[in-house]
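> Next one to model:
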Amino acid sequence: MATTSLKEVRNINYLSKDFDSIKQDLINFLQQNFPDEWQDFNEASGGMALLEMIAYVGDLMSFYIDRQANETFINRAVERKNIMGLSKTLGRKPKFVTPAVVNLSVSSVMTQASSATSLFVLNKGTRVVSNLDSSVSFEIIEDVDFSVTANRSVTSDGTFTTASISSVSAVAGRTRTFNYTVGQPTKYLKITLPDQDITEIVSLTSSDGNEWFETEYLAQDTVFIGENNNTSSSATVPYVMKMKRVPRRFVVEREPGDLTSIRFGSGKLTLEDSEVVPNPEDFVLPPTLRGSASSFSPTTINSATFLDTKTLGIAPADVSLDVTYRYGGGITTNVGSNLLTEIRERSMTFKTPNFETLYPSETETIRVNLSTSNEKQATGGHERETNEEMSENALAFFGAQNRAVTLQDYQIITMSMPSKFGTVYRTYARKDPSNKLGVEIFLAAKDSDGYVTAPQAVLKNNIETYLSRFKSFSDSIKLTDGKIVNLKVDFSIVPEPNSNANEALLEAFYILKRELDSQNSNFGDIIVLSDIESKLQSVDKIKAVSSFNITNIRNTVDGRTYSNVEFNVESNTRNKIIYLPEDCVWEIKYLNFDIVGRAI
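Predicted structure coming up:
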């Protein structure tokens, strides 16, 4: 007759994860299963020390397991390197600091007798600094040719001729060249550049005379280039777009610590560079392209893959690489108007051969009197993304699928524009009231002092060009300056009888400055007055809020300048909630002056 053996099952709780719970479960387990063998539960005993060490290890392991699980989801991750990696997985490159952009006016003074032979080119890369802070530096990103009549004005006083060229594009930051020597070829060679906050890879060349091209990913083996248009239509179409095969390519990767790396491919060069036309015959289309009778879903075909090949680019070997990049930026580069007046590291090329040797005095006159100015302030500078901003923007970018379909897509893509072209502070997209197929986007930027301002023309031009890559061909885009509503706060509090009135007032100011900071504002926002009053009322030193009023402040008051937007606060307030129009963003501009309070 067969016998059945019974197996004892221990009562174990697998849900305890913290130190105290694990410790108590261990005590209960010993008392239930080993009541005679273990009776030493005194807090100061060696046995209890052993139990606490086991509970500590269990608590530590639970923390690591939870942390590892959380770090695999971008909306839960807290470590910056993991958020950056997950952001890349979703197709979005994290943004570091953004440089401001500005239009400069460059002027040159020359003697009238030799003005025709004194024409020259101020070469790109010439550096201009602020006359208030020499650490704020801008670089001219295009050659300034004084022989070209476009955007040029000329005046003369009979002795000297002054030529001025406007709309000269400049970007904040400095350019540096990093040299790296490569020996034997290495698959997926990765080079980390030494500077932080790199905003742009300007160029990458090798000692064998070849140029390397930046692509979005290594599988992309073609890029669009522009060649000079020599036909009769050159006035309206200055460049002809062509596709160029680029086996020498690299991708830019953002690293923790605000560093930037460049990574190369793994193959070797088999074909010469050439202009190519994609050929569908190079790709094997699946037989289920139109579906099949066996109820399988049709295969999704991405037209962008017709521009790709299976190669991942070549790896450099036995060459010296020169990486030229631009670094620097941030909100401090949003300098005010007429401050970029000092030229540093100027580089000039005269049209007349040997002009500097033939006319040394005229050369010195031109160099000394060469000047710049910025009629409008620089905008677009912004600090690096926080972990929260990086996470939220990556999720929104993934939802847009690299296409602007919804109005929210337009807002997110505008905010995701590469940092070298500038950044807006707030955006809002709506259907264009004057065009059924149009999208109107309201924009707001920040100046060097952190105040909300309208974006300048060069920033809007960059946004328009960038959006054209993502929008539907039938959509039209209208960029509009958002209206800035400057507000002023006046309030009164009643301190508690036994509290210091000044201390109560200081705490009230602290709360209001935090709640009414412009970081909390947006287009079409609301301000809930009752919530603000409740937060003031919750302070221990404040007995009551006797009055709390918000009014519109405009133009110039006591030497402080505000926007000229008129906003009737009273007529836009319902149930103690201020409603702003969708094209308006609010700001308490001068927190130390525009918040007035008293204790009564």
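
> Please enumerate residues in contact with the helix or strand containing Thr357?
Per DSSP states H and E, Thr357 falls inside helix 355-358. Applying C-beta atoms under 8 Å, 6 or more residues apart in numbering, the external contacts of helix 355-358 come out as 117-118, 120, 350, 352, 362-363. (Each C-beta comes from the backbone N, C-alpha and C, glycine too.)

> Over to stretch 193-204?
With contact meaning C-beta under 8 Å, 6+ apart, stretch 193-204 is reached by 96-99, 171, 173, 175-176, 178, 211-212, 214, 250, 252, 257-262, 321-330, 384, 418-420.

> Check stretch 139-151 too.
Counting by C-beta under 8 Å, 6+ apart, 104, 106, 108, 119-128, 152, 163, 165-175, 326, 351 sit against stretch 139-151.

> And that stretch, how far out from the chain middle?
What separates the centre of stretch 139-151 from the centre of its chain is 28 Å, taken as C-alpha atoms, centre = their mean, to the nearest Å.

> in it, what's buried?
Neighbour-count burial for stretch 139-151, counted by 16 or more other C-beta atoms under 10 Å, picks out 139-141, 144-146.

> Save those residues as TSV, and put in pLDDT too.
Listed next are these as TSV, based on pLDDT from 0 to 100:
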residue	pLDDT
Glu139	91
Ile140	91
Ile141	86
Val144	86
Asp145	85
Phe146	84
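
> quick revisit: now the helix holding Thr357: buried residues?
Under 16+ other C-beta under 10 Å, the buried positions of helix 355-358 are Phe355.

> Check which element follows that helix along the chain.
Criterion used, DSSP H and E; the element after helix 355-358 is helix 360-369.

> Can you check the pLDDT for the closest residue to Phe350 other than its chain neighbours?
Among residues not flanking Phe350 along the chain, Phe120 sits closest, at 4.4 Å (C-beta to C-beta, 6 or more residues apart in numbering). Looking at Phe120, its pLDDT is 86.

> Phe120 and Ser347 touch, don't they?
No - in this structure, Phe120 is not within contact of Ser347 by C-beta atoms under 8 Å, at 10.4 Å.

> which one of the two has more residues nearby?
Taking other C-beta atoms under 10 Å, Phe120 and Ser347 do not tie; Phe120 has more neighbours (22 against 13).

> where's that one relative to Leu204, distance?
Look at Phe120 and Leu204: by C-beta to C-beta, to the nearest Å, they are 29 Å apart.

> Quickly find the element holding Leu50.
Using DSSP H and E, Leu50 sits in helix 46-70.

> ok, and what's touching that helix?
16-20, 22-23, 26-27, 30, 38, 40-42, 76-78.

> 10 Å instead?
With contacts defined as C-beta atoms under 10 Å, 6 or more residues apart in numbering, helix 46-70 is touched by 16-27, 29-30, 38-43, 45, 76-79, 82.

> quick revisit: quick one, what contacts the residue nearest to Phe350?
Applying C-beta under 10 Å, 6+ apart to Phe120 gives the contacts 108, 110, 144-147, 348-352, 355-356, 363, 366-367, 370.

> between the buried residues of stretch 139-151, which is closest to Tyr428?
Within the buried residues of stretch 139-151, distances to Tyr428 taken as C-beta to C-beta reach their minimum at Ile141, with 29.4 Å.

> just for the stretch 201-350 of the chain, where's the confidence low?
224-243, 268-311 (pLDDT under 70).

> go again using 50 as the cut-off
Low-confidence segments of the stretch 201-350 of the chain, defined by pLDDT under 50: 232-238, 241, 271-310.

> Tell me which stretches of it form strands.
211-214, 222-228, 239-245, 249-255, 259-264, 319-327, 340-344, 348-350 (DSSP state E, counting those that start in this stretch).

> okay if I get those as CSV plus mean neighbour count and distance to Lys589?
Supplementary listing: the strands of the stretch 201-350 of the chain in CSV, determined by neighbours: other C-beta atoms under 10 Å; distance: least, C-beta to C-beta, whole Å:
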stretch, mean neighbour count, distance to Lys589
strand 211-214, 18, 40
strand 222-228, 13, 43
strand 239-245, 14, 43
strand 249-255, 20, 34
strand 259-264, 20, 35
strand 319-327, 19, 31
strand 340-344, 17, 23
strand 348-350, 16, 42
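
> and the nearest residue to Ser468 once chain neighbours are set aside, what element?
Closest residue to Ser468 apart from its sequence neighbours, by C-beta to C-beta, 6+ apart: Ile477 at 7.7 Å. Using DSSP H and E, Ile477 sits in strand 476-481.

> Then Lys460?
Counting by DSSP H and E, Lys460 is found in helix 457-467.

> what's the domain layout of the protein?
19-70, 101-173+328-373, 175-281+305-327, 387-481, 484-599 (automatic domain parsing).

> Thr89: which of those domains is closest?
That would be domain 387-481 among these, by C-beta to C-beta, at 8.6 Å.

> Pull the contacting residues for the residue nearest the centre of the chain.
With the centre of the chain defined as its mean C-alpha position, the nearest residue by C-alpha atoms, centre = their mean is Lys95, 4.4 Å away. By C-beta under 10 Å, 6+ apart, the contact list for Lys95 reads 87, 199, 254, 382-385, 389-390, 393, 415-419, 423.

> repeat that for 8 Å
384-385, 390, 393, 416, 419, 423.

> Asp221: neighbour count?
For Asp221, using other C-beta under 10 Å, the count is 21.

> From what I see, it and Gly313 are in contact.
Yes - counting by C-beta under 8 Å, Asp221 does reach Gly313; the two are 7.1 Å apart.

> any common contacting residues for those two?
215, 246-247, 249.

> which one of those residues is nearest Asn552?
Asn552 lies nearest to Thr215 out of the shared contacts of Asp221 and Gly313, by C-beta to C-beta, at 50.0 Å.

> From Thr324, how far off is the nearest residue to that closest one once chain neighbours are set aside?
Distances taken as C-beta to C-beta, 6+ apart put Arg249 closest to Thr215, at 4.8 Å, once the chain neighbours are dropped. If you measure Arg249 against Thr324 using C-beta to C-beta, the figure is 16 Å.

> Sweet, I'm off.
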